[in-house]
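Student: what follows is a predicted protein model with its sequence.
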Amino acid sequence: MADSLHERVFEEAAAGMAVHEPGSARLESVNRAYADVLGDDPSALEGQSLADLAAGDASALEAAIDRALGSHPEQIETTLTDASGNEQRVTLVLDAITVDDESRLLSTIRPVTDEAIETVPTPSERRLEVALAGTDTGVWEWDMTTDEVIWTESMERLFGLEPGTFEGTFEAFAERVHPEDLAVVEAAIERAVERSGLFQTEYRIERTDGEQRWVYARGEVHTDGDRGRRIIGIVTDITDRKRNDEALRQQKRQYRQLVERLPQAHYTIDSEWRVRFCNETLAERFGKPVEEIEGELLWDVFPEVSGTVVERTLRRVMETGNPENFEYQYESGDHWVNVQAYPYEGGIAAVSTDISSQREALRRILDAAPVILYRFDSDGVFQEMRGNILSRLGLEPEDLVGENIFDIYADHEEVLEAASRALDGESFRYTVTLGDITLETHYTPVYDDGEVASVIGVSMDVSELQRQRKRMEFFNSILPHDVLNGMTVIKMRGELLAAELDGQQAQYAQTIVDWCNTTTEVTKRVRQVVETLATPEEEHQLESIDVSPILDRKISELEAAYPDVTFETAIPDGVCVEADELIAEVLGNVLTNGIEHNDTDGLRIETSVETDGDTVSVRISDNGRGIDDDRTEAVFRRGESSHAKETGSGFGLFFVDVMIEKYGGDVRIEDSDADGACFVIELRANEADA
């Protein structure tokens with residue numbers, strides 16, 4: 001049987017039916033009604049032939065079987081032996097059917113006394129009613145000769161009737177079919193009768209309680225010799241499915257109406273790359289009617305997108321099932337769009353938003369900005385160029401777009417090397433001088449399908465900054481000679497005087513020596529800061545520095561120098577950060593600051609180190625006088641101090657702030673738990689330690 005429903009109908013049908021094996025004509029499948037006629041079980045009959053069951057001479061029966069297999073349907077009245085050994089007079093209807101390209105015998109059986117007991121339900125009929133009692137399916141039979149229509153009780157319930165109350169005629173059935181659907185039902189029946197085939201259709205029924213429901217009907221035409229034609233079939237309630245289908249159609253109508261009103265272009269593509277839906281916005285954008293777009297291949301309707309980021313991205317979405325977002329400029333140059341593409345019903349749905357006005361606004365901003373923003377493709381050909389620095393170079397955007405960077409700057413090895421590095425996938429900064437303008441450029445590769453498709457460059461005029469750096473470098477170069485050498489001479493003379501003099505004069509000489517030491521130390525720090533500020537970002541080399549032993553050493557030195565101060569630490573081993581050798585001076589400055597600007601009597605300094613992901617936090621807190629909130633920013637500025645006991649120039653925390661910024665970190669002041677000050681230093685954890 002083709003499916004479980006057909007098999008169920010075969011098994012439970014009131015008519016006795018059997019399918020025979022090809023060739024031998026032995027019984028292969030026997031339903032319960034067939035076995036009931038012979039008082040046996042279906043399994044006991046399967047494998048036997050009708051000739052085996054014949055009570056007498058079987059030659060007439062065998063001849064009828066041969067004629068039926070020769071495509072001549074036969075009806076024969078004969079005597080068979082039932083399971084009890086009694087002779088049973090039956091009518092057999094024999095016909096040939098084709099199953100899997102093989103001819104088989106189909107036989108139906110009924111007792112010759114059927115007419116006398118026609119109104120008494122058979123065991124098969126009772127089993128069928130039990131099976132259908134809890135379903136939305138009924139079974140019917142229409143004798144087209146007598147116009148008698150038989151409904152099962154489940155069929156009557158389906159139409160809202162009490163069992164046994166159906167009038168039993170085709171006219172009674174037709175009265176319960178929705179008037180608008182009756183012609184469809186009658187046409188389907190006529191086609192089935194003409195072709196002696198299947199009858200199937202969907203239609204509405206009007207129940208006796210006034211409720212209207214949808215049903216699916218399926219039947220098959222049978223010819224029973226002198227009894228004429230009959231149709232046996234089933235009817236199933238499909239109202240819920242129809243309602244769901246209508247709700248879905250309504251949702252789609254509402255969705256389409258909504259999408260039609262959207263200012264964005266919206267379209268869907270099936271798995272064969274055909275455009276299944278597009279709204280008016282997309283059609284207007286391409287100057288074509290919707291009817292010329294829907295149903296056509298995407299690549300035929302919009303050939304300009306073939307081979308572009310549009311095709312590459314849509315194919316990825318189709319293959320991976322992951323949504324993607326991209327921007328695209330039409331060949332005409334009139335439109336920039338942002339496209340959101342996502343999987344939809346086995347294909348793709350896309351929303352395309354016109355961002356031309358935003359792009360134009362950005363272009364105007366870039367044209368006025370003191371930078372150059374440009375993009376070149378994987379071959380080095382400039383695709384875009386914006387920025388007012390171009391005019392200072394004597395260029396217009398159109399002068400370079402379409403030109404190759406390797407050709408234009410063939411004489412500038414720095415430019416060629418940087419472009420090659422960027423096309424190899426490296427993101428970096430570098431500085432180059434073109435004429436009298438020094439540019440700091442940041443390159444960022446743009447990837448498509450894992451390959452560098454283009455490079456975005458942003459160049460900023462740093463000519464003035466470069467001149468300031470040179471001045472700072474000059475200033476820094478004179479510090480050792482003009483300041484430090486002078487301090488060395490003064491210190492030596494002061495030490496000689498301190499050794500030769502006594503009393504108050506010796507103290508004055510020692511003061512000179514002390515200030516020489518202080519001035520020398522501050523000068524060295526100034527030199528370090530100047531060197532740091534004058535070093536371009538890309539040239540400032542950081543390395544992995546283990547801060548744990550540095551902090552331990554600095555704290556040990558301070559414990560020896562300040563025995564009245566209590567030091568508490570929580571410093572794990574092996575905490576590495578991105579810094580340079582000056583990190584020791586930075587941490588030492590912060591530790592010393594907490595002591596020098598507080599009374600040491602009862603002073604407690606707490607130092608802890610914690611790592612959270614990519615960040616290392618060093619917290620140095622005290623229980624001293626604290627720092628007012630309005631001074632927490634000022635203490636890091638040169639020449640300012642937060643405490644009355646400041647003895648130096650206020651340069652120490654300025655030095656800390658400059659260096660922490662160079663390390664890519666942050667330093668701030670909070671209130672400590674002991675009402676003092678807490679310096680929080682956050683540094684980047686080294687990759688090997690993170």
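Tutor: Ah, there it is.

Student: can you count the residues close to residue 38?
Tutor: 23 (other C-beta atoms under 10 Å). C-beta coordinates here come from the backbone N, C-alpha and C atoms, glycine included.

Student: which one is it nearest to, not counting chain neighbours?
Tutor: Closest residue to residue 38 apart from its sequence neighbours, by C-beta to C-beta, 6 or more residues apart in numbering: residue 82 at 4.6 Å.

Student: what does stretch 317-330 rub up against?
Tutor: The contact list for stretch 317-330, computed with C-beta atoms under 8 Å, 6 or more residues apart in numbering, reads 271, 304-305, 308-310, 313, 316, 335-343, 347-348, 355.

Student: how does it look with 7 Å?
Tutor: 308-310, 313, 316, 336-343, 348 (C-beta atoms under 7 Å, 6 or more residues apart in numbering).

Student: for the residue nearest to residue 38, give its distance to residue 53.
Tutor: 8 Å (C-beta to C-beta, to the nearest Å).

Student: between those two, which one's more packed in?
Tutor: Set residue 82 next to residue 53 and count neighbours by other C-beta under 10 Å: residue 53 wins out with 21 against 16.

Student: which residues does the nearest residue to that one once chain neighbours are set aside bridge with?
Tutor: Among residues not flanking residue 53 along the chain, residue 80 sits closest, at 4.4 Å (C-beta to C-beta, 6+ apart). Going by DSSP bridges, residue 80 is paired in beta bridges with residue 54, residue 88.

Student: give me the neighbour count for residue 80.
Tutor: With other C-beta under 10 Å as criterion, residue 80 counts 21.

Student: ok, residue 102 to residue 23 distance?
Tutor: 9 Å.

Student: got any residues that touch both of the two?
Tutor: By C-beta under 7 Å, 6+ apart, no residue touches both residue 102 and residue 23.

Student: so where is the stretch 551-690 of the chain shaky, pLDDT-wise?
Tutor: Residues of the stretch 551-690 of the chain meeting the criterion pLDDT under 70: 634, 636-651, 687-690.

Student: now with 50, please.
Tutor: 638-649, 689-690 (pLDDT under 50).

Student: which stretches of it form strands?
Tutor: Per DSSP state E, counting those that start in this stretch, the stretch 551-690 of the chain carries strands over the ranges 566-570, 576-579, 604-612, 615-622, 666-671, 677-684.

Student: can I get the fifth one in CSV, CA atoms only?
Tutor: This file holds the C-alpha atoms of strand 666-671, laid out as CSV (Å, rounded to 0.1, in the frame of the first residue of the first chain):
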residue,chain,number,x,y,z
ASP,A,666,46.2,54.5,32.8
VAL,A,667,46.9,55.9,36.2
ARG,A,668,44.3,57.5,38.5
ILE,A,669,43.8,58.4,42.2
GLU,A,670,41.0,57.0,44.4
ASP,A,671,40.2,57.2,48.1
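
Student: which strands and helices sit next to it?
Tutor: Here strand 666-671 touches helix 651-662, strand 677-684, going by 3 or more C-beta pairs under 7 Å, 6 or more residues apart in numbering; DSSP states H and E.

Student: can you pull the poorly scored residue ranges out of the stretch 301-450 of the chain?
Tutor: For the stretch 301-450 of the chain, no range has pLDDT under 50.

Student: okay, the strands of the stretch 551-690 of the chain in a markdown table with distance to residue 293 next?
Tutor: Output for these, formatted as a markdown table (distance: least, C-beta to C-beta, whole Å):
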| stretch | distance to residue 293 |
| --- | --- |
| strand 566-570 | 69 |
| strand 576-579 | 56 |
| strand 604-612 | 54 |
| strand 615-622 | 53 |
| strand 666-671 | 55 |
| strand 677-684 | 53 |
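
Student: deepest of the ones you listed, which one?
Tutor: Ranked by mean neighbour count, the strands of the stretch 551-690 of the chain are led by strand 576-579 with a mean of 24 (mean count of other C-beta atoms under 10 Å).

Student: roughly how far is that one from the heart of the chain?
Tutor: 37 Å (C-alpha atoms, centre = their mean, to the nearest Å).

Student: other SSEs contacting it?
Tutor: strand 543-546, strand 677-684.

Student: which one of these lies nearest to residue 521?
Tutor: In terms of C-beta to C-beta, the element of these nearest to residue 521 is strand 677-684, at 20.4 Å.

Student: partners of the closest one, with directions?
Tutor: strand 615-622 (antiparallel), strand 666-671 (antiparallel).

Student: hang on, residue 356 packs against residue 336?
Tutor: Yes: counting by C-beta atoms under 7 Å, residue 356 does reach residue 336; the two are 4.9 Å apart.

Student: circling back: and the helices and strands packed on strand 576-579: which comes nearest residue 32?
Tutor: strand 677-684 (82.7 Å).

Student: report all helices and strands that the host helix or strand of residue 267 contacts.
Tutor: For residue 267, the element it lies in under DSSP states H and E is strand 265-269. In this structure, strand 265-269 makes packing contacts with strand 275-278, helix 280-286, strand 347-354, judged by 3+ C-beta pairs under 7 Å, 6+ apart.

Student: recalculate using a threshold of 10 Å.
Tutor: helix 239-261, strand 275-278, helix 280-286, helix 298-301, helix 309-320, strand 336-344, strand 347-354 (3 or more C-beta pairs under 10 Å, 6 or more residues apart in numbering; DSSP states H and E).

Student: so for residue 433, which of the ones you listed sits nearest?
Tutor: strand 336-344 (34.3 Å).

Student: between the helices and strands packed on strand 666-671, which gets nearest to residue 206?
Tutor: strand 677-684 (78.8 Å).

Student: can I get the CA coordinates of the closest one in CSV?
Tutor: Extracted in CSV, the C-alpha atoms of strand 677-684 (Å, rounded to 0.1, in the frame of the first residue of the first chain):
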residue,chain,number,x,y,z
ALA,A,677,45.1,58.1,48.8
CYS,A,678,45.2,55.0,46.5
PHE,A,679,47.1,55.2,43.2
VAL,A,680,45.8,52.7,40.7
ILE,A,681,48.1,51.9,37.8
GLU,A,682,46.6,49.8,34.9
LEU,A,683,49.0,48.3,32.4
ARG,A,684,48.6,45.9,29.5
